[in-house]
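Trainee: structure here, sequence nowhere to be found:
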């Protein structure tokens, strides 16, 4: 068997090897970029969930400090209210900026009365929404909660 190579055959083999290596590196780079993007998005989403949960905790703190009087608190009336990261507004039903962040938040309340054999109780349904801008579109997370007021 003749083991001689044709002129230029080695050059073609080297070029093919470089092309295969370049494709492999391109695939690895794309995977890495996608992974970093997903990690960044997950981080933002986690922080948004924390803000939504903090809004629900703010309502629980109001109930804890005011007791049944919280039922007449203007910040807890039925409808939407702005949440700025520490306070719930009494009038603004829109999203508002959470101070010092890229996030906006609002809470929506629905009061219901539950009649039971033992007595009536009021329940405050809470929908906390937090959003942020991601690639020119809003991304939104929501958290729900209920605070019970025994009458």
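Mentor: That came in fine, so what should we check first? Keep in mind it's a predicted model, so treat the numbers as computed, not measured.
Trainee: how about residue 132, phi and psi?
Mentor: When read as degrees, to the nearest 10, the backbone of residue 132 gives phi -150, psi 160.
Trainee: bridging residues for it?
Mentor: Per DSSP bridges, residues listed as beta-bridge partners of residue 132: residue 139.
Trainee: also residue 110?
Mentor: residue 125.
Trainee: who's in contact with it?
Mentor: Taking CB atoms under 8 Å, 6 or more residues apart in numbering, we find residue 110 in contact with 78, 124, 125, 127. Every residue, glycine included, has its C-beta placed from N, CA and C.
Trainee: out of these, who has the most neighbours?
Mentor: residue 124 (21 neighbours; other CB atoms under 10 Å).
Trainee: ok, that residue touching residue 113?
Mentor: No. Residue 124 lies out of contact with residue 113 (CB atoms under 8 Å); the separation is 10.9 Å.
Trainee: low-confidence ranges in the chain?
Mentor: 1-5 (pLDDT under 70).
Trainee: helices of that one, start to end?
Mentor: 9-66 (DSSP state H).
Trainee: and the gap between the closest residue to residue 112 other than its chain neighbours and residue 84?
Mentor: Distances taken as CB to CB, 6 or more residues apart in numbering place residue 123 nearest to residue 112, at 5.1 Å, with adjacent residues excluded. Distance, residue 123 to residue 84, by CB to CB, to the nearest Å: 25 Å.
Trainee: same drill for those two, tell me which one is more crowded.
Mentor: residue 84 (18 against 14).
Trainee: residue 35: which of the contacts of residue 110 is nearest?
Mentor: Checking the contacts of residue 110 against residue 35 with CB to CB, the nearest one is residue 127 at 32.5 Å.
Trainee: which of the contacts of residue 110 sits closest to residue 99?
Mentor: residue 127 (21.3 Å).
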